[in-house]
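**Student:** Take this sequence and fold it.
(2 chains)
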2 protein chains.
Amino acid sequence: MYNAMKLKEIGEFGFIDRVAPLGRIRAEGVVKGIGDDCAVVAVDGPDYLLVTTDLLVERVHFLMDWAPAEVIGRKALAVNLSDIAACGGIPLDAFISLAIPEDLDVEWLDGFYQGMRGLADSFRVNLLGGDTTGSKSDLVINVAVTGRVPCDQVLLRHTAREGDVIAITGPLGESAAGLEILLGKLQLPPQVAAPLVAAHLEPRPHLPEGRFLASSGACTSAIDVSDGLSSDLGHLCQDSGVAAVVYEDRIPVSLPLARFAELTSRNPIEIILSGGEDYVLLVALKHNMAEDLQRRAHQQGMRLHPIGEFIAGRGMELVRRNNTREPFGPRGWDHFRA
Amino acid sequence: MYNAMKLKEIGEFGFIDRVAPLGRIRAEGVVKGIGDDCAVVAVDGPDYLLVTTDLLVERVHFLMDWAPAEVIGRKALAVNLSDIAACGGIPLDAFISLAIPEDLDVEWLDGFYQGMRGLADSFRVNLLGGDTTGSKSDLVINVAVTGRVPCDQVLLRHTAREGDVIAITGPLGESAAGLEILLGKLQLPPQVAAPLVAAHLEPRPHLPEGRFLASSGACTSAIDVSDGLSSDLGHLCQDSGVAAVVYEDRIPVSLPLARFAELTSRNPIEIILSGGEDYVLLVALKHNMAEDLQRRAHQQGMRLHPIGEFIAGRGMELVRRNNTREPFGPRGWDHFRA
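**Tutor:** Numbering: from 1, shown residues only, chains lettered A, B, ... in the order given. Got it, this is the predicted structure:
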């Protein structure tokens, strides 16, 4: 019997691999097409144009009763700004498309735009034209954001080198824990739950960190952690043709995440490796400049945690506190696999 | 009793008017934000950057069983290229976001991309990064397209002047008739139905016409007809602060549309005024250059039909064949009104 292949069998990344070659039509002007945080396009002048787009779907990415409209609006923009940050860029304009169930309150939409506007304001991003249409069921939000980055500063995924230090610009895992709490699986004390839920609903795009790293001359590669550390480190390794060693004792575990792990009898490192939507930057730093860069980052109120290094070879390895070494693979979020 | 205001009460354009002021954060660099076919952004070099985005939702914009995946893919790109055409631009790159029901066949998606690729190929447009995610119900497609246009050639909606000739680059109304046929309301002979259904499913973006008009120096304003002649002419009038007179006997009626009108006992002009998704260009031409331009367009195999003129004042008027004059208002498509 003939069975049509379903998307869940090949997964999100299998699908992207399948369609990406179809898109290459005109090579000139395209620095990076599919397969990075942003598309990078050569235009006149000293900067590259960056373009990124994210589609958020009710019941897949969020539930309406999780948070006020303002919070959902802010996050819809934040995840796109995070992509601009991962390329070391400066965001310019956002284009909002909405498919709206017809019985949605106008007040909800006003709140949604107010939330986006608050975040847009702080980074001087315009909310420009988009498309507004109806939906028969779920609310759908597409945000496309343009940005720019000096041509000699763009941060990409395929340029990490063996010997580079692996670093992150903030703690990981909190957002995944917050999502579990939102999904109602757990009852936890509010002082544990609140910061984790906030980490999930109100991620801060690491734009200052992105610019700091891009202009430092010390950062060779970057990605934002949206699919979990293991998946996104996997992307850097695969695209750059290197392997990675990560040290458990160097991975920062926030106090709320530590408490969450304790209360749910889990190892926080597992949550960090597989959780998603952290929106901190995962970067490669030149070995001999990493320490100085870390010091300068801290002076400017930014965090930069070295957690391992890129080495020759393939694959990823976790060095446990007891010095045993465990290989690990990508186990983050794939929208089409179970 | 308190009743929250619903979107259908204020309509799509009421909503856009409501949120547009929220978006203006950084004035410099923005030539046109919300309220034209594309956002127009000043960048380095001799060209403006154009950005347009369209969201297509299953059961709102299309049904899966209307057409093969290739046709739906082609149309999703075509409607965005039409926005670039309306600004007189040259398309550059397309960014495709999909929210995909998990049981959709991979073969369908392959076909969808093949269809887009066919059209992208003919206009040398790249299909670059986008976002791919799951959906709990409908397939959702967002396409964002960038383009460029020489700064002194950009065509906008607010620049038509009294005395300008109103012209269209192709016949109207066929797409609306095709949609009625697709919705299964009518049984018609295939030689009537086929070209109308094709007009709805396979619109050709009028990019050559857009470039021809933009570079002619004779075109003062343009829009693509997506919401019906009465709505889109209404946009030009309102944004430009002029009134319009349209002559019934100058509006071209295609043979299939004439037959359709006859068989359904309607006046084709009514279908043309209220129907949508034609994706031909509706433009304003300098009076003293219009005739020469029309001649040159025809020499190049393009159509350019003068159908009326812009005059001082407010509102729109239709001059019937018997010389009676009837005012008319926008009665095209609004996604949120009944």
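**Student:** and the residue in the stretch 51-200 of chain A positioned nearest to chain B, how many neighbours?
**Tutor:** Across the stretch 51-200 of chain A, no residue is closer to chain B than A:Leu127, which sits at 3.4 Å (Cβ to the nearest Cβ). Every C-beta, even on glycine, is put in place using the N, C-alpha and C of the backbone. Residues near A:Leu127, counting by other Cβ atoms under 10 Å in any protein chain shown, number 26.
**Student:** Show the contacting residues for it.
**Tutor:** Counting by Cβ atoms under 8 Å, 6 or more residues apart in numbering or on different chains, A:Leu127 makes contact with A:Asp93, A:Ala94, A:Ile96, A:Tyr113, A:Met116, A:Arg117, A:Ala120, B:Val19, B:Leu22, B:Gly23, B:Ile25.
**Student:** B:Gly178: which of these is nearest?
**Tutor:** Set against B:Gly178, the nearest of the contacts of A:Leu127 by Cβ to Cβ is A:Ile96 (30.2 Å).
**Student:** name the element that closest one belongs to?
**Tutor:** strand A:90-101 (DSSP states H and E).
**Student:** tell me the domain boundaries of chain A?
**Tutor:** Here the domain parsing of chain A from automatic domain parsing is A:7-153, A:165-328.
**Student:** Mean neighbour count, those domains: which tops it?
**Tutor:** Comparing these by mean neighbour count (mean count of other Cβ atoms under 10 Å in any protein chain shown), domain A:7-153 comes out on top with a mean of 21.
**Student:** circling back to that earlier point, mind putting the domains of chain A into CSV with mean pLDDT?
**Tutor:** Formatted as CSV, the domains of chain A follow (pLDDT from 0 to 100):
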stretch, mean pLDDT
domain A:7-153, 88
domain A:165-328, 96
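**Student:** Nearest to B:Val154, out of those domains?
**Tutor:** Nearest to B:Val154 among these is domain A:7-153 (14.3 Å), distances taken as Cβ to Cβ.
**Student:** one step back: strand partners (parallel or antiparallel) of the strand holding A:Ile96?
**Tutor:** strand A:126-135 (parallel), strand A:140-150 (antiparallel) (DSSP bridges).
**Student:** how about JSON lines for the ones you listed, with distance to B:Leu273 added?
**Tutor:** Below are the strands paired with strand A:90-101 laid out as JSON lines (distance: least, Cβ to Cβ, whole Å):
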{"stretch": "strand A:126-135", "distance to B:Leu273": "22"}
{"stretch": "strand A:140-150", "distance to B:Leu273": "31"}
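**Student:** Can you say which of those is nearest to B:Leu285?
**Tutor:** Checking the strands paired with strand A:90-101 against B:Leu285 by Cβ to Cβ gives strand A:126-135 as the closest, at 25.2 Å.
**Student:** How far away from the center of its chain is the closest one?
**Tutor:** 23 Å (Cα atoms, centre = their mean, to the nearest Å).
**Student:** now swap in stretch A:142-150 and tell me
**Tutor:** Worked out by Cα atoms, centre = their mean, stretch A:142-150 lies 15 Å from the chain centre.
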